[in-house]
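1. Quick check, what structure comes out for this input:
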Amino acid sequence: MTRVIKSRINKLREELERYSHAYYVLDDPVIPDAEYDALFHTLQELEKDHPDLITRDSPTQRIGAAPLDTFPPAVHEVPMLSLGNVFDASELEAFETRIRDRLGADQEIGYTAEPKIDGLAVSLLYEGGVLVRGATRGDGFTGEDITENIRAVRSVPLRLLRPETRPEKLEVRGEVFMSRQGFEKFNARARREGRKALVNPRNAAAGALRRLDPNETAKYPLDVFFYSITNLVRQTSVRTQYGALQYLRELGLKVCAEARQVSGYRECLQYYEEILNRKTSLDYEMDGVVYKVNDLDLQEELGMVSRAPRWAVAHKFPAQEVMTRVTDIKFQVGRTGALTPVARLEPVFVGGATVSNATLHNMNEVRRKDVRVGDEVIIRRAGDVIPEVVKTILKPDAVRSDAVQAPGACPECAAEVVQIEDEAVIRCSGGLFCPAQRKGAIKHFASRTAMDIEGLGDKLVDQLVDEELVSSVKDIFKLTKEQVAGLERMGELSAGNLMQAIEQCKRTSLARFIYALGIRGVGEATAAALADHFRDLSPLMQVHAEQLQDIPDVGPVIAENISVFFRQPYNQEVIEGLIRAGISWEVRAVAEHHTAPLAGNTYVLTGRLERFTRPQAASRLKALGAKVTASVSGGTTAVIAGVNPGSKADKARSLNVAVLTEQDLLAMLQDE
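-> Now for the predicted structure:
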């Protein structure tokens, strides 16, 4: 009897999932709502009588979990990257030129283009085809676990289709949003019932997905478009971005119908103009379009810089502009000591958000635009870009306040304000004793991509500085468990965990340490280039600015910043203190690098490797002293070709450059 009931339950679940997929994903209902409700009720009754047969992927279990106190963290196995932006045709052409130069490609680049949905980015994990986790983007490395809330989004399948082809473990990325139609219907009902209406679809979707009670989330008309699968090349036979979208659709995951394959930046521009003209007719908010290099092998070859991929870019729609009044102008002190003039505004709604502050960038801009307190100004906001003052609206015979003057002293620490020659920015000279800079420097030092001190978040840093327990980054390593436990909202367990994290961070890499120092203009990519070139900190601290410009990603301004930073006695003192505290990294002298087994050899990697990703293979080769470049030339020692190598292998043969297999690479690495 149980076998018959189980078979009946499974058949009902399959039918309901098929009907739900047709309704919420395909927008093509195949049965009346009343018939669906009757089947759903039948399944509920069967599961009520046989609770031992209830499974997490049953349609009846989509919502109903108990409210949470907070969202636990969810670590992304593959980081959720942010995108760089372009705003016009020349910037888009420059983006493609950088791709072609890096690939050494003469042929036109193919892209997948799709609208940039204005919602909340999410990552979903399926195991055995069943949804087991949903997470927000967070900082790109760790988000919030919102699994129960994701299950409340009707267009998210609890179980994937195509069991015969899907990988055992699959992580997909998408954007949760609220359609315009759903937004309007929700607000109409809210007004009828005397409840507060939603402000805009984007904020409404983000807020609904973060409700601590998933039953509340289920009340909102949320939808989702999926756009990528992590580690796709290694898990499936799909080899293009557009193919990935089709594969997502086959699995039962909803994708945007407007996605299209285009060739070259000119076709990208045509797509952009088409979507811009249709923007108001499509049933979802968007703030631009996204272009992604279509070939997944080329994506892997292009890699990323800092937290953004080199193979994708967002083309933003024109900014929205409104007029308001300036009520005050203040100067904010940033982590590097830069004083930024900020206009305080009469609040105004623009670009989907209420704005009460707008940047004036620097004093040159203040003078050029002649912005003064009391002026009427035009404010511009494009997507998530910081609002800015575009221009001042001057009325005839208007009585204006005095022109804004740069402060002579820092508003945070009263130290002298200075301006470096050829720089528009003015800076506080207080260095790391300025509270604004001190807190920013410590927060940056402890951040995940720097020293990664888990538990040392912004609020705790504020407490430590305010309580005068920490005045510079080196003081972190002098903290005691008792000092930390005595702080507000801290206890013995939290203090113990922090002390353990501080101890664990001492063993790091040179690249992370350089980045953690917070040198102006030195991001993760530049820090990695410096570490790769100098191999240890001592030679870097002694180098002249002119020599630094020979390193990739280091121009004259950044070179000068690095040189000035390491010349400062206070910075030298802090670094010495950090090393005395026990911070260390693996050291390989530059001289050793020159005598390494593969020193003087240059390799190019192309195609898909089975045993490594290309970045991993490049790292192994560099560790043996080799150079790894993106393009083939007569000076290339060999091209290492994986599956589907493309034109680089052909170019190598035309230049009589050796073409090696992955097996040759493995043998080479083992021999050395």
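2. so Phe331 sits in a helix?
-> No. Counting by DSSP: H, G, I helix; E, B strand; the rest coil, one finds Phe331 to be strand, located in no helix.
3. element containing the residue lying closest to it once chain neighbours are set aside?
-> Excluding its sequence neighbours, the residue lying closest to Phe331 (C-beta to C-beta, 6 or more residues apart in numbering) is Leu339, at 4.6 Å. (Glycine included, C-beta is placed from N, CA and C.) Taking DSSP states H and E as the definition, one finds Leu339 inside strand 338-350.
4. In its sheet, which strands sit next to that strand, and in what direction?
-> strand 320-333 (antiparallel), strand 353-359 (antiparallel), strand 426-428 (antiparallel) (DSSP bridges).
5. how many neighbours does Gly496 have?
-> A total of 14 residues lie near Gly496 under the criterion other C-beta atoms under 10 Å.
6. Just the pLDDT for the residue nearest to it when sequence neighbours are not counted.
-> Leaving aside its chain neighbours, Gly496 sits nearest to Lys481 (6.1 Å; criterion: C-beta to C-beta, 6+ apart). pLDDT for Lys481: 92.
7. OK, contacts around Lys481?
-> By C-beta atoms under 8 Å, 6 or more residues apart in numbering, the residues touching Lys481 are 492, 495-496, 499.
8. So which of the strands paired with strand 338-350 is the most surrounded?
-> Across the strands paired with strand 338-350, averaging neighbours per residue (mean count of other C-beta atoms under 10 Å) puts strand 426-428 on top, at a mean of 24.
9. what does that one contact?
-> Residues from elsewhere that reach strand 426-428 (C-beta under 8 Å, 6+ apart): 333, 336-339, 362-363, 406, 410, 412-413, 415, 417-420, 434, 436-437.
10. how distant is it from the center of its chain?
-> The chain centroid and the centroid of strand 426-428 are separated by 29 Å under C-alpha atoms, centre = their mean, to the nearest Å.
11. How are the helices of the stretch 501-650 of the chain distributed by residue range?
-> Under the criterion DSSP state H, counting those that start in this stretch, the stretch 501-650 of the chain contains helices at 510-516, 524-534, 537-542, 545-548, 556-567, 569-580, 590-594, 614-623, 647-654.
12. Could you identify which of these is most buried?
-> Stretch with highest mean neighbour count among those: helix 510-516 (a mean of 22; mean count of other C-beta under 10 Å).
13. Tell me how confident the model is about that helix, as a mean pLDDT.
-> Predicted confidence along helix 510-516 averages 92 (mean pLDDT).
14. next one: stretch 300-311
-> 83.
15. longest helix anywhere in the protein?
-> For the chain, the helix that runs over the most residues, judged by DSSP state H, is helix 2-20.
16. Other residues contacting that helix?
-> Residues from elsewhere that reach helix 2-20, judged by C-beta under 8 Å, 6+ apart: 29-31, 36, 39-40, 42-43, 46-47, 50, 53, 57-59, 154, 157-159.
17. buried stuff in it?
-> By neighbour count on 16 or more other C-beta atoms under 10 Å, the buried set for helix 2-20 is 9, 12-13, 15-17, 19-20.
18. quick revisit: hmm, Ala409 and the residue nearest to Phe331 touching each other?
-> No. Using C-beta atoms under 8 Å, Leu339 makes no contact with Ala409, being 10.3 Å away.
19. list the contacts for Leu469?
-> Counting by C-beta under 8 Å, 6+ apart, Leu469 makes contact with 475, 479, 483.
20. picking that back up, CSV please, covering the buried residues of helix 2-20 and showing pLDDT.
-> Output for the buried residues of helix 2-20, formatted as CSV (pLDDT from 0 to 100):
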residue, pLDDT
Ile9, 77
Leu12, 80
Arg13, 75
Glu15, 79
Leu16, 75
Glu17, 74
Tyr19, 70
Ser20, 69
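21. So which of the residues you listed is the closest to Asp462?
-> Of all these, Asp462 sits closest to Ser20, with 47.2 Å by C-beta to C-beta.
22. that older thread, cross the contacts of Leu469 against helices and list the overlap.
-> Those of those lying in helices (DSSP H): Gln483.
23. Output the contacts of Leu469 in JSON lines, with distance to Asp139 and neighbour count appended to each entry.
-> Converted to JSON lines, the contacts of Leu469 look like this (distance: C-beta to C-beta, whole Å; neighbours: other C-beta atoms under 10 Å):
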{"residue": "Asp475", "distance to Asp139": "25", "neighbour count": "17"}
{"residue": "Leu479", "distance to Asp139": "24", "neighbour count": "17"}
{"residue": "Gln483", "distance to Asp139": "27", "neighbour count": "16"}
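24. Tell me the one of the contacts of Leu469 nearest Val172?
-> Distances from Val172 to those, taken by C-beta to C-beta, are shortest for Leu479, at 41.3 Å.
25. wait, that closest one sits on Ile502?
-> Yes. Leu479 is within contact range of Ile502, at 7.0 Å (criterion: C-beta under 8 Å).
26. check contacts around Asp375.
-> Counted by C-beta under 8 Å, 6+ apart, Asp375 has contacts 325-326, 392-394, 400.
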